[in-house]
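> After the sequence you'll find the predicted model.
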Amino acid sequence: MARDLSRSSFLSSAPQWLSVSASSLNRANGAISVECWVNANDFTDDGSGLLYIAAYNVGSGGSNEGWWLLLNRTNSNSLEFGSWDGVDHKAAWGANPGVTWTTGTWHHLTGSWDGTNTWKIYFDGVQKASSTDTQGPCSGANGPFAIGAFYNGTAGRFFFGRVAESTVRNVALTDREVAALAAGVLTRRVRPASIIGYWPLAGLTSPEPDLSGNANNLTLTNSPGAANHAPVTLWTPRSPAFPQFDVAAGDVLMGQACL
């Protein structure tokens, strides 16, 4: 199952999101990857032009915003991953929502910063954009974290659809690792030691548990429902695109069986 935020349009009187008021997801100029599966119902926004998929310490009143993954309707409909300290630091790709990024279909999104100077955006396992910037995620110790909203929902900017397998890591994933995840490899089989936040968003319990062990359990606002899950598998898929994974290089932690 996945979490269904289908009432999270700006037209709704009871929009839905998930959040935790104090989380340990601060990366403060450290390497990071944020990835998830999304299935958009609509790309309507509240007039701000921003639809937040995941956000840490964004809009909480400080001068720095930790990091965010969002769709920016005002910037050529770009999928963006970045941070802000008065200036944007980000990678952005014109996602063409409704055409390239289709509604009613599961898509895999990943954003990363390598800890040195490169922000990246991936869509369905393919790198779509990068930017060179020595500023990574801005500081925001124990700031709020939200899925599907602008940190706590008070400013709107909701994502309208389903979200699953949301994961935050303390490394920048490689191209091969991102491609494997987008092919359906379960997130916990890819560099599991790097995971600092992991929410399958199975829709089975409340609060929504953080399976990383860091206890960033998410409170549900306005009862997000449950829906069919993203196309992930417990096994490592074998296909012409991924004939072998280099386990020795730390790319992917393989399962004991392949499909």
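Thanks, I have the structure now. Residues are numbered from 1 along each chain as shown.
> What is the neighbour count of residue 97?
Close neighbours of residue 97, defined as other Cβ atoms under 10 Å, add up to 18. Yep, even glycine has a C-beta here, placed from its N, CA and C like the rest.
> my guess is it contacts residue 78, does it?
No: shown here, residue 97 and residue 78 do not form a contact pair, counting by Cβ atoms under 8 Å, at 9.8 Å.
> Now tell me what touches the worst-scoring helix or strand of the chain on mean pLDDT from outside.
Least confident helix or strand, the chain: strand 2-5 with a mean of 74, by mean pLDDT, DSSP states H and E. Outside of strand 2-5, the residues within contact range by Cβ atoms under 8 Å, 6 or more residues apart in numbering are 15-18, 37, 39, 147-148, 158-164, 201-203, 208, 224-230.
> redo that, cut-off 7 Å
Counting contacts by Cβ atoms under 7 Å, 6 or more residues apart in numbering, the residues outside strand 2-5 that touch it are 16-18, 148, 159-164, 201, 203, 224-230.
> Let me know the pLDDT of residue 52.
According to the model's per-residue confidence, residue 52 sits at a pLDDT of 91.
> gap between it and residue 192?
Plainly put, residue 52 is 27 Å away from residue 192 if you go by Cβ to Cβ, to the nearest Å.
> between these two, which one's more packed in?
In this view residue 52 and residue 192 are compared by other Cβ under 10 Å, and residue 52 has more residues nearby, 27 against 13.
> and the one helix or strand the more buried one maps to, what other elements does it pack with?
Here residue 52, judged by DSSP states H and E, is contained in strand 50-56. Strand 50-56 sits against strand 32-40, strand 65-72, strand 145-147, with contacts defined as 3 or more Cβ pairs under 7 Å, 6 or more residues apart in numbering; DSSP states H and E.
> Could you rerun that using 6 Å?
Counting contacts by 3 or more Cβ pairs under 6 Å, 6 or more residues apart in numbering; DSSP states H and E, the secondary-structure elements packed against strand 50-56 are strand 65-72, strand 145-147.
> I would like the residues contacting the helix or strand just after the shortest one, please.
Heading C-terminal from strand 145-147, the first helix or strand you meet, by DSSP H and E, is strand 161-169. Around strand 161-169, the neighbours that count as contacts under Cβ atoms under 6 Å, 6 or more residues apart in numbering are 2-4, 25, 33-41, 147, 187, 194-201, 227, 229-230.
> who's residue 226 bridged to?
With DSSP bridges applied, residue 226 shows beta-bridge pairing to residue 3.
> For it, give its distance to residue 4.
For residue 226, the distance to residue 4 under the criterion Cβ to Cβ works out to 6 Å.
> Of those two, which one has the most company?
Counted by other Cβ under 10 Å, residue 226 and residue 4 do not tie: residue 4 has more neighbours, with 21 against 14.
> separation between the more buried one and residue 112?
Counting by Cβ to Cβ, the gap from residue 4 to residue 112 is 27 Å.
> And for residue 228?
Relative to residue 112, residue 228 is positioned 28 Å away (Cβ to Cβ).
> what phi and what psi does the backbone show at residue 182?
Main-chain dihedrals, residue 182, degrees, to the nearest 10: phi -70, psi -20.
> count of residues packed around it?
Residue 182: 21 surrounding residues under other Cβ under 10 Å.
> what do you get for residue 72?
Here the neighbour count serves as a burial measure; for residue 72 (other Cβ under 10 Å) it reads 23.
> pretty sure it is in contact with residue 80, am I right?
Yes: taking contact to mean Cβ atoms under 6 Å, the distance of 5.3 Å between residue 72 and residue 80 places them in contact.
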